[in-house]
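Engineer: Would you be able to build a 3D model of this:
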Amino acid sequence: MKSLLVYLKNYKAESVLAPLFKMLEAVFELIVPLVVASIIDNGILKNNNSLIYSRAGILVLIAVIGISVSTVAQYFAAKAATGFGREVRGDLFRKIQSLSFSELDKKGTSTLITIMTNDTTQVQNGVNMVLRLFLRSPFIVFGAMIMAFTIDVKCALIFVITIPVLSAVVFGIMKYTIPRYKSIQNELDGITLKTKENLSGARVIRAFTQEENEIESFEKKNNSLSAFQKAVGKISALMNPLTFLIINAATVILIYCGAIRVNIGDLSQGQVVALYNYMSQILIELIKLANFIVTITKALACAGRIESVFKLENTLQHNQNDTVNGNYAVKFDDVSLKYNGDSEVSLSNISFCANKGDIIGIIGGTGSGKTSLVSLIPHFYDAYKGVVYVNGMDVKSYSDDELRNKIGFVLQKAVLFKGTVRENLKWGNKNASDDEMNAALKKAQVFDTIAEKGGLDAEIEQGGVNLSGGQKQRLSVARALVRNPEILVFDDSSSALDFATESEMRKEILNLDYNPTVFIVSQRASSVMFADKIIVLDDGCAVGIGTHKELIETCGVYSEIYESQFGKGEAADD
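Structural biologist: Residues are numbered from 1 along each chain as shown. Okay, here's the model as predicted:
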């Protein structure tokens with residue numbers, strides 16, 4: 001939590017004034033019992049109406065001042081807490097954006113969503129409560145005890161015994177609940193993940209009639225979360241009854257001792273009432289403190305999770321290696337890849353060169369490492385071994401922005417964002433003109449479809465749900481083309497297209513006037529057979545590199561893929 005306090009630096013005045021005004025309110029509250037005692041002893045018992053009215057006026061004045069300072073304190077606390085929450089969310093979002101894929105994979109999407117939303121809100125509420133009650137409640141508790149000493153030392157000893165007992169109860173419960181609230185937040189991550197998977201995969205779930213199984217799975221996670229909450233809740237629930245029991249027992253003892261001392265003339269009735277009021281004030285503040293402790297324990301647990309994200313460092317390696325290794329557009333030099341946490345390598349000893357303007361096909365079965373290979377070109381991951389070069393330079397020697405601005409990447413899963421077609425295309429080139437964007441749409445064979453929907457101003461729903469799979473893929477291709485990158489990477493980006501549409505789009509890409517280097521990842525032999533060089537992957541290894549004709553004769557894996565799609569006779573004739 002300490003590292004997050006820096007986010008209150010812009011609210012120093014509010015963070016100081018809020019508790020100070022709360023303490024000022026507490027001072028007026030501590031004066032009230034003395035005024036009441038004066039009314040009883042000097043007004044009611046002596047039948048002095050003028051004193052009663054004057055003291056009553058003082059009580060009204062104290063109430064008005066108390067409400068005023070309390071309102072000001074609440075305003076300052078709310079302003080500081082909401083500002084704190086806004087800045088934490090902003091920096092947290094920027095931090096997440098700065099992390100490499102390895103850290104995102106390790107932390108998990110559901111955890112990060114929960115931290116960004118629920119955890120940040122819990123910490124914001126905790127800050128608000130601290131500014132309002134952290135000084136006020138202890139001040140009233142100990143202030144009431146001190147005021148009791150000014151009235152009667154012997155009766156005040158009851159306060160001296162009561163307050164440590166109450167403190168032991170409160171902090172004992174706090175010590176038990178804080179680590180368990182962390183477990184609750186972890187269980188909440190599981191609920192978030194399950195919900196996210198069900199919403200994004202609703203069509204798949206219904207297609208396979210798995211609704212009941214998913215409901216059952218969700219109920220298990222929900223019940224597990226509920227069990228944790230009940231376990232912690234049972235302990236937290238002891239806070240109020242235990243504090244009530246201790247305070248009420250102390251009150252009974254106080255009244256009993258006070259009555260005896262009144263009988264012997266050591267105390268007046270008004271002083272006993274004042275002592276009772278001070279004990280009541282302690283009870284009220286401890287009820288507030290109990291709720292405060294629950295909120296703070298949650299906030300501390302959530303703050304730890306937020307800090308864990310801020311402590312994550314982008315593990316992508318960067319160096320100042322300016323050595324030029326050839327004039328190739330892309331070169332892999334004995335490259336291996338191992339994902340974070342995996343014991344086995346995903347790619348093993350990959351070496352090849354791509355000249356500028358070359359068409360490189362990458363083919364292989366599911367899980368052979370095709371996406372892993374092209375993910376190394378924009379430096380999404382660090383190579384476990386070997387070096388990846390772009391334009392003769394180690395990718396680690398580029399800044400991420402400089403490198404990725406050279407590359408147009410079309411992901412295997414088309415990702416579009418809510419907004420207009422124009423806004424989505426400008427992700428590729430924020431300065432692109434309408435003519436450039438329309439040209440990219442035509443090359444991607446999606447211009448007519450978009451024109452029917454309203455052209456560049458057509459709205460795209462979240463995730464592109466109002467578009468078909470093929471339309472989303474073609475729009476993703478257009479987004480990459482509008483950038484005019486030096487290197488184009490198509491990661492199985494035509495899997496939802498028919499052969500005719502794919503063929504037309506491929507012709508447009510191959511005839512681009514600025515002659516980019518193109519990587520085409522596919523499981524279709526027809527998509528890569530025209531390439532200048534085809535890389536055949538099998539279980540993370542390059543089992544063949546060459547042209548279509550060469551691989552048909554020398555690479556059994558490629559021959560098998562080709563024959564499965566075109567037939568053995570056609571393969572033999574080729």
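Engineer: Can you tell me the SS state at the residue lying closest to Ala383 once chain neighbours are set aside?
Structural biologist: Once flanking residues are discounted, Ala383 sits nearest to Val335: 4.9 Å by CB to CB, 6 or more residues apart in numbering. Placement of C-beta: from N, CA and C, glycine included. Of the three states, Val335 takes strand under DSSP: H, G, I helix; E, B strand; the rest coil.
Engineer: a strand runs through Ile362, doesn't it?
Structural biologist: Yes: Ile362 forms part of a strand when assessed by three-state DSSP.
Engineer: Tell me where the protein has strands.
Structural biologist: Using DSSP state E, the strands found in the chain span residues 330-337, 347-354, 359-364, 385-390, 393-394, 407-410, 419-420, 459-460, 487-491, 517-522, 533-538, 541-546.
Engineer: buried residues in the first one?
Structural biologist: When burial is assessed from 16 or more other CB atoms under 10 Å, strand 330-337 yields the following buried residues: 330-333, 335-337.
Engineer: Tell me the one among those residues nearest to Glu197.
Structural biologist: Among the buried residues of strand 330-337, Leu337 lies closest to Glu197 (CB to CB), at 26.4 Å.
Engineer: Would you mind measuring from the closest one to Ala383?
Structural biologist: 6 Å (CB to CB, to the nearest Å).
Engineer: Which residues are in contact with each of those two?
Structural biologist: Residues touching both Leu337 and Ala383 (CB atoms under 8 Å, 6 or more residues apart in numbering): Leu376.
Engineer: ok, back up a step: roughly how far does the residue nearest to Ala383 sit from Gly304?
Structural biologist: The value you get for Val335 to Gly304, if CB to CB is used, is 38 Å.
Engineer: how much space between the closest residue in space to Gly83 that isn't next to it in sequence and Ala26?
Structural biologist: Spatially, and ignoring its direct neighbours in sequence, Gly83 is nearest to Tyr11 (5.2 Å; CB to CB, 6+ apart). For Tyr11, the distance to Ala26 equals 22 Å [CB to CB].
Engineer: Likewise for Val169?
Structural biologist: Counting by CB to CB - Val169 and Ala26 are separated by 22 Å.
Engineer: higher neighbour count, the two?
Structural biologist: The residue with more neighbours, out of Val169 and Ala26, is Ala26; 24 against 18, by other CB atoms under 10 Å.
Engineer: was I right about the more buried one contacting Leu133?
Structural biologist: No: contact criterion CB atoms under 8 Å: Ala26 and Leu133 do not qualify, at 10.3 Å.
Engineer: wait, isn't Gln469 in contact with Ala414?
Structural biologist: Careful, residue 469 is Gly and not Gln. Yes: counting by CB under 8 Å, Gly469 touches Ala414, with 7.3 Å between them.
Engineer: residues touching Asn484, list them.
Structural biologist: 429, 514, 516.
Engineer: cool, and Ala525?
Structural biologist: So Ala525 contacts 363, 548, 558, 561-562, 565-566 (CB under 8 Å, 6+ apart).
Engineer: Make a PyMOL selection of the buried ones in those residues.
Structural biologist: The command below creates a PyMOL selection of those among these that count as buried (16+ other CB under 10 Å):
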select buried, resi 363+548+558+561+562
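Engineer: how many other residues sit next to Cys257?
Structural biologist: Neighbourhood size, Cys257 [other CB under 10 Å]: 18.
Engineer: How confident was the prediction at the spatially closest residue to it that is not a sequence neighbour?
Structural biologist: Of all residues not flanking Cys257 in the chain, Cys155 sits nearest, at 5.6 Å (CB to CB, 6+ apart). What the model reports for Cys155 is a pLDDT of 84.
Engineer: quick revisit: and the gap between the residue nearest to Gly83 and Gly304?
Structural biologist: For Tyr11 relative to Gly304 (CB to CB), the value is 22 Å.
Engineer: ok so, going back, the strands of the chain into TSV, with extra columns for distance to Lys507 and mean pLDDT?
Structural biologist: Listed next are the strands of the chain as TSV, based on distance: least, CB to CB, whole Å; pLDDT from 0 to 100:
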stretch	distance to Lys507	mean pLDDT
strand 330-337	23	93
strand 347-354	21	93
strand 359-364	12	93
strand 385-390	26	92
strand 393-394	32	91
strand 407-410	17	90
strand 419-420	28	91
strand 459-460	26	90
strand 487-491	14	92
strand 517-522	12	92
strand 533-538	19	93
strand 541-546	23	93
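Engineer: nearest to Ile215, of those?
Structural biologist: The nearest among the strands of the chain, by CB to CB, is strand 459-460 at 31.2 Å.
Engineer: what pairs with the closest one, and is each one parallel or antiparallel?
Structural biologist: strand 419-420 (antiparallel) (DSSP bridges).
Engineer: Give me the contact list for the strand it pairs with.
Structural biologist: With contact meaning CB under 8 Å, 6+ apart, strand 419-420 is reached by 456-460.
Engineer: Now do the buried residues in stretch 422-438.
Structural biologist: Neighbour counts over stretch 422-438 (16+ other CB under 10 Å) mark 423-429, 432, 436-438 as buried.
Engineer: Among the residues you listed, which ones are in helices?
Structural biologist: Among the buried residues of stretch 422-438, the members falling in helices (DSSP state H) are 423-425, 436-438.
Engineer: out of these, which one sits closest to Ala478?
Structural biologist: Using CB to CB, these come closest to Ala478 at Leu425, 6.3 Å.
Engineer: which residues does the nearest residue to the closest one once chain neighbours are set aside contact?
Structural biologist: Nearest residue to Leu425 in three dimensions, chain neighbours excluded: Met437, at 4.7 Å (CB to CB, 6+ apart). By CB under 8 Å, 6+ apart, the residues touching Met437 are 421-422, 425-426, 456, 478, 482.
Engineer: Compare the contacts of strand 419-420 and tell me which is most surrounded.
Structural biologist: Neighbour count (other CB under 10 Å) singles out Ile460 as the most crowded of the contacts of strand 419-420, with 23 neighbours.
Engineer: Is it correct that it is in contact with Asn466?
Structural biologist: Yes: counting by CB under 8 Å, Asn466 is a contact partner of Ile460 at 6.7 Å.
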